[in-house]
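Asker: what's the 3D shape of this:
(2 chains)
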Amino acid sequence: MKLKVYRYHKNMENPRYDTFELELKPGLTVLGALFQFQQNFDDSIAFHYSCRGAVCGTCAMLINKVPRLACRTQVESLLNGDLKIPLSFYPAIEENVDWNPKEEVLVEPLPHLPVIKDLIVDMDKFFDYYKEIEPVFKPADSTPKKERLMDPESIPELELYTNCILCAACFGSCPVDGNDPEYLGPAALAKLYRFYIDPREANGIERIKTADMPRGWWDCKFHGNCRRVCPKDVPPLIAIAKAREQLEKEGEER
Amino acid sequence: MEREIRECDVLVIGSGGAGCRAAIEARKSNLKVSIVSKGLSFKSGCTTLAEGGYNAAFGYVDADDSVEAHFEDTMKGGAYLNDMGLVKILVNEAQDRLIELESYGAIFDRQKSGKLNQRPFGGQSFRRTCFQGDRTGHEMMMALKEEVIRQKIETFDEIMITSLLMDNKNTRVIGACGVSLKTSNMIIFKAKSTIIASGGAGWLYPVTSNAIQKTGDGYSLAYNAGADLLDMEQIQFHPTGMLYPESRKGVLVTEAVRGEGGKLFNVGMRRFMRNYDERGELATRDVVARAIYNEIREGRGTDNGGVYLDVTHLPNKLIEEKLETMLLQFMDVGVDIREEAMEVAPTAHHFMGGIRIKHGGETTVENLFAAGEASGGIHGANRLGGNALADTQVFGKRAGESAAKNALSNELEYNEEQINSEEKRIRNIFKDGNIYPHQIKKELMETMWANVAIIRNEDGLKSALNKIEELKITSLDMKVPEGSGYNKNLLDALEIENMLTVASLVTQSALVRRESRGSHYREDYPQKDNRWDRSIVLNKNKDFSYLKRGSKSNCRYI
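Answerer: This next block holds a predicted model:
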């Protein structure tokens, strides 16, 4: 099999693709293939990694035109065509690269963020938007001596959103983020919704008003790519739909 | 080399659980606090990876639990090598620190009553471990990160600290020198207090559960600055890590697999655990790890060098519900654990030893503090599951508090001379030598795995020490081309120096301890020996020294 990798650094006029042939072993992940590329082909290749177990959210990249974590994406399944995810179209996933998906795995940087070098993108914008929604817990009461009681029934819905590992795969998959660079994006909005539904907070509708603006809740077109690519099954589009519903209801009552 | 100089009151090295908690505490004194990470902030530590939980003796599930019981379990688990004072602090403060995590927004599992839920864990007399599914560490890190954002604490990504900056008498720490991995430029942090919270050194071994960044940098920084380290031979190997594929080697396979009835088989499809311990698969971690290691060593392992861990006899429904993460973790690499056995081997997991600290996280060097896995003494010779997350919060807070207090009565200093010599040292790394740094890493890891891992003996340890010295010489001839940034060879070269330093300390300490205790097993001295009721202290400027520790008879919570 072959690994076809996007290469770029600031002194290059145009990016190029390098192709490297390696032996396909069962269980080989894209991250494993990249390590082989680094050790046996060109050690100047740059990519991010840390935990190897799909919990830190460091190694999101565009793999066969789908944003995924390199550490949990199996090469064999890609070649077999088992990991196809149908996505709503956006320019970054255009099939503009000559590549044979039966023999090659195509690895490119995550879309919608500036490329620093090879597969490394500048995540600042993604984190700036996340910070903009004020991702800090604002409890209704002052900190008690003992823990606040919580109904265990309230936890599963919260967990849907607290599972987010901030890998930005959703950000790179969202056609709206591609179109409107100001759009806060799925991860930030899902995070905001997580605080809104936290029963320990009692800020009500005020909390979601932080994103009550065109580049917040209202920009989403429900393409649903975010949910399809999320390695942790977080459903930002449900959060967005529910938040809009609340805001609309409040508007009518007023 | 371009140079960038920054100033802060408190510098925190590491953005995992201990580093973040320390930074939050230091910030309370309205000081300028900076957190610097070798990887991406909040993502490159091991706290995020922690699955099981956080021990705090609330007694919500088992009303008979108490801090006294938590203390006794921790001391017993640590084979009484623990620093009793630190353990007392751990058990007394773990509860309040957990409630603080909730005040930062963390969510822990609840009982019907709305109170915290607590699960049973190995080596504990009561259900004491608070948790959030099997993502406890992730939940904690998210809350800590968000509190760091609330407190407007500065964070710096992808900077490797290469040495601590000392005053001109070489006795006090006045900041740190580092290299930006993005640009290969030098960055200097002037700081009134410096906290090392950079975790352990799992990557001394080819099989480890740790994040890739864990190369023992903190131990090396502290040692080179003249700080005491202790108990460096005490390294916990978790019995079951993934063996395959290569890129997931060592990733943890949780103890819950055996808890739910998973069976261990050797390559001849024989169950072997009962040959070692009547508790079978559920014997303590050190026993199971040694048994698996021995099977492999005596030729009864798989081609990949592991044994089988099998749950195929369990109902699918149970696997899907109770072992969901494991099911997915193996599914990712093409193994359906409902249909076939997992291949596992012991994996380097946690350094119980580390930088010697006092009750406030103070090291033996002025202005230098440590917390979390970088520090030592709390867990003795073997750590109980669930005590590490508690440790990060309890001692992270204390280190942050002490560092802030120290900074308030301290001035910024500068040592141009040392910075120049550090720059020269780094420049000298760029060379067209004969061996790539990653090749030295590989040789070192193999040596450590063969001789300084789960079963040790004098000959093996001595040969490892020779090999380490040999590699130190080889490392003078590395091939490190200059590059504009993201220079993997430079990173490897900087790391290998730390790794060789730490590997040497671990091996020396393991040679000195002529007994078997906790995680340290010497086949030539297979018994625990009361004469070794003491910690081994290592210091660059002195010979070995020892600290008297407790024993079962005098271990009391007072």
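Asker: What's the local residue count around the single nearest residue of the stretch 451-558 of chain B relative to chain A?
Answerer: Distances between the stretch 451-558 of chain B and chain A by Cβ to the nearest Cβ are smallest at B:Tyr486, namely 3.6 Å. From N, CA and C alone the C-beta is placed, and that goes for glycine too. Look at B:Tyr486: counted by other Cβ atoms under 10 Å in any protein chain shown, it has 22 neighbours.
Asker: Look up the closest residue to residue 179, ignoring the ones flanking it.
Answerer: Using chain A here. Computed as Cβ to Cβ, 6 or more residues apart in numbering or on different chains, the closest residue to A:Asn179 that is not its neighbour in sequence is A:Tyr90, at 7.8 Å.
Asker: To clarify, I was referring to chain B.
Answerer: What sits nearest to B:Val179 in space, not counting adjacent residues and going by Cβ to Cβ, 6+ apart, is B:Met160, at 5.4 Å.
Asker: and what of B:Ile99?
Answerer: Closest residue to B:Ile99 apart from its sequence neighbours, by Cβ to Cβ, 6+ apart: A:Glu147 at 5.2 Å.
Asker: So for that neighbour, what's the pLDDT?
Answerer: Model confidence at A:Glu147, expressed as pLDDT, equals 84.
Asker: what residues are up against residue 24?
Answerer: Since no chain was named, I'll use chain A. By Cβ atoms under 8 Å, 6 or more residues apart in numbering or on different chains, the contact set of A:Leu24 is A:Met1, A:Val75, A:Glu76, A:Leu79.
Asker: that answer is for a different chain, and I need it for chain B
Answerer: If a contact means Cβ under 8 Å, 6+ apart, then B:Ile24 has B:Leu144, B:Glu147, B:Val148, B:Gln151, B:Ile153, B:Lys397, B:Gly400 as its contacts.
Asker: ok, how many other residues are close to the closest residue to A:Leu28 other than its chain neighbours?
Answerer: Once flanking residues are discounted, A:Leu28 sits nearest to A:Val75: 4.6 Å by Cβ to Cβ, 6+ apart. Neighbouring residues of A:Val75 were enumerated by other Cβ under 10 Å; the total is 24.
Asker: Ok, A:Pro86 next?
Answerer: As a burial measure, A:Pro86 scores 9 neighbours (other Cβ under 10 Å).
Asker: now stretch B:221-241: how far from the chain's centre is it?
Answerer: For stretch B:221-241, the separation from the chain centroid amounts to 8 Å (computed by Cα atoms, centre = their mean, to the nearest Å).
Asker: Now do it: distance from first to last residue.
Answerer: When the termini of stretch B:221-241 are compared using Cα to Cα, to the nearest Å, they are 29 Å apart.
Asker: next structured bit after the top helix by length along chain B?
Answerer: Scanning chain B for the helix with the most residues, using DSSP state H, yields helix B:488-512. Where DSSP states H and E defines the elements, the next helix or strand beyond helix B:488-512 is strand B:534-538.
Asker: Show me the contact partners of that next one.
Answerer: For strand B:534-538, the external contacting residues (Cβ under 8 Å, 6+ apart) are B:81, B:83, B:223, B:228-233, B:356, B:377, B:505, B:508-509, B:512-513, B:544-549.
Asker: Which of these are buried? Put it as a ChimeraX command.
Answerer: Buried members of the contacts of strand B:534-538, defined by 16 or more other Cβ atoms under 10 Å in any protein chain shown, are picked up in ChimeraX with:
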select /B:81,83,223,228,229,230,231,232,233,356,377,505,508,509,513,549
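Asker: Out of the contacts of strand B:534-538, which sit inside strands?
Answerer: B:Leu229, B:Leu230, B:Arg356, B:Ser545, B:Tyr546, B:Leu547, B:Lys548 (DSSP state E).
Asker: what ranges do the helices span in chain A?
Answerer: With DSSP H as the criterion, chain A has helices spanning A:30-40, A:75-80, A:124-132, A:155-162, A:169-173, A:175-179, A:186-196, A:205-209, A:225-229, A:236-253.
Asker: The residue nearest to A:Leu28 contacts A:Pro26, doesn't it?
Answerer: No. Counting by Cβ atoms under 8 Å, A:Val75 sits too far from A:Pro26 to count as a contact (9.6 Å).
Asker: Just the buried residues of stretch A:224-237, please?
Answerer: A:224-232, A:234-237.
Asker: so which of those comes closest to B:Val207?
Answerer: Nearest to B:Val207 among the buried residues of stretch A:224-237: A:Pro231, at 24.4 Å, using Cβ to Cβ.
Asker: check contacts around that closest one.
Answerer: Neighbouring residues of A:Pro231 by Cβ under 8 Å, 6+ apart: A:Ala54, A:Gly57, A:Arg68, A:Leu69, A:Arg72, A:Ile165, A:Cys167, A:Ala169.
Asker: okay, now the fourth one: neighbour count?
Answerer: Pointing back at A:Leu69 there. Summarising burial for A:Leu69: neighbours were counted as other Cβ under 10 Å, giving 28.
Asker: Grab the nearest non-local neighbour of it.
Answerer: Nearest residue to A:Leu69, sequence neighbours excluded (Cβ to Cβ, 6+ apart): A:Pro231, at 5.0 Å.
Asker: For that neighbour, give me the pLDDT.
Answerer: Looking at A:Pro231, its pLDDT is 94.
Asker: all strands for the stretch 101-250 of chain B, in order.
Answerer: Taking DSSP state E, counting those that start in this stretch as the test, the strands found in the stretch 101-250 of chain B are B:129-130, B:154-156, B:159-166, B:173-180, B:186-196, B:229-230, B:235-242.
Asker: Tabulate the ones you listed (a markdown table), appending mean pLDDT and distance to B:Ser103.
Answerer: As requested, the strands of the stretch 101-250 of chain B are arranged in a markdown table below (pLDDT from 0 to 100; distance: least, Cβ to Cβ, whole Å):
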| stretch | mean pLDDT | distance to B:Ser103 |
| --- | --- | --- |
| strand B:129-130 | 93 | 15 |
| strand B:154-156 | 98 | 21 |
| strand B:159-166 | 98 | 30 |
| strand B:173-180 | 98 | 31 |
| strand B:186-196 | 98 | 22 |
| strand B:229-230 | 98 | 34 |
| strand B:235-242 | 95 | 31 |
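Asker: who wins for proximity to A:Trp217 among those strands?
Answerer: Put simply, out of those the one that sits nearest A:Trp217 is strand B:154-156, at 28.3 Å, with distance taken as Cβ to Cβ.
Asker: buried ones in that closest one?
Answerer: Within strand B:154-156, the residues that qualify as buried by neighbour count (16+ other Cβ under 10 Å) are B:Thr155, B:Phe156.
Asker: again with stretch A:96-109
Answerer: Applying a neighbour-count criterion of 16+ other Cβ under 10 Å, the buried positions in stretch A:96-109 are A:Trp99, A:Glu104, A:Val105, A:Leu106, A:Val107, A:Glu108, A:Pro109.
Asker: closest to chain B among those residues?
Answerer: Comparing every one of the buried residues of stretch A:96-109 with chain B (Cβ to the nearest Cβ), the shortest separation belongs to A:Pro109, at 12.9 Å.
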